[in-house]
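> Show me the folded form of this:
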Amino acid sequence: MKRSSAANNLKPINKNGMPHVGRAKGIPNKISRTDAIIYAAEHSKHSKDSTLESYLVNIADNNKDLFTPLLGRLLPLQINGRTQVTNKIVYTTVAEVSTTVAYLF
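Alright, predicted model coming up:
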């Protein structure tokens, strides 16, 4: 069965002359990849109470080789933080305070 040229423009044709099955190019997925992974983890037989947390606890307890790289992706590679050391100074006399103030100004 030969299709008209207008029908051929609507859907791509495979080598057998039949239109491809599936969504057209550019149509987004109905569920995101992240949502699909979370759904699968929650409904796994390894999730005791059907939560993502219980599934990850099971993975952490039973498959450390699988959980360790997952944890590594969550931790930052570098820590950019500044630390400041402060010392507590106790002045016992007014003369010590006035000497320090005179030194600073």
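> Going along the chain, name the helices of the protein.
Remark: helices assigned in the chain by DSSP state H are 5-10, 33-42, 52-62, 64-74, 94-104.
> orientation of the fourth one relative to helix 52-62 in degrees?
With axes from the mean of the first three to the mean of the last three CA atoms, to 10 degrees as the criterion, the two stretches helix 64-74 and helix 52-62 enclose an angle of 130 degrees.
> now swap in the second one and tell me
Our comparison of helix 33-42 with helix 52-62, counting by the same axes, to 10 degrees, yields an angle of 70 degrees.
> Could you pull up the mean pLDDT of helix 33-42?
The predicted model gives helix 33-42 an average pLDDT of 85.
> Which residues does that helix contact?
With CB atoms under 8 Å, 6 or more residues apart in numbering as the test, helix 33-42 has contacts from 31, 47, 50-52, 55-56. The way it works is simple: take the backbone N, C-alpha and C, and place the C-beta from them, glycine included.
> can you rerun that using 7 Å?
Helix 33-42 is contacted from outside by 47, 50-52, 55, using CB atoms under 7 Å, 6 or more residues apart in numbering.
> for stretch 44-64, which positions count as buried?
Residues 47, 54-56, 58-59 are the ones in stretch 44-64 that count as buried (16 or more other CB atoms under 10 Å).
> Out of those, which is nearest to T92?
For the buried residues of stretch 44-64, the residue nearest T92 by CB to CB is L56; the value is 56.5 Å.
> Where does pLDDT dip in the protein?
Filtered on pLDDT under 70, the chain yields the residue ranges 1-13, 20, 77-80.
> middle-most residue in it, spatially?
By CA atoms, centre = their mean, the chain has its centre lying nearest to L74, at 7.0 Å.
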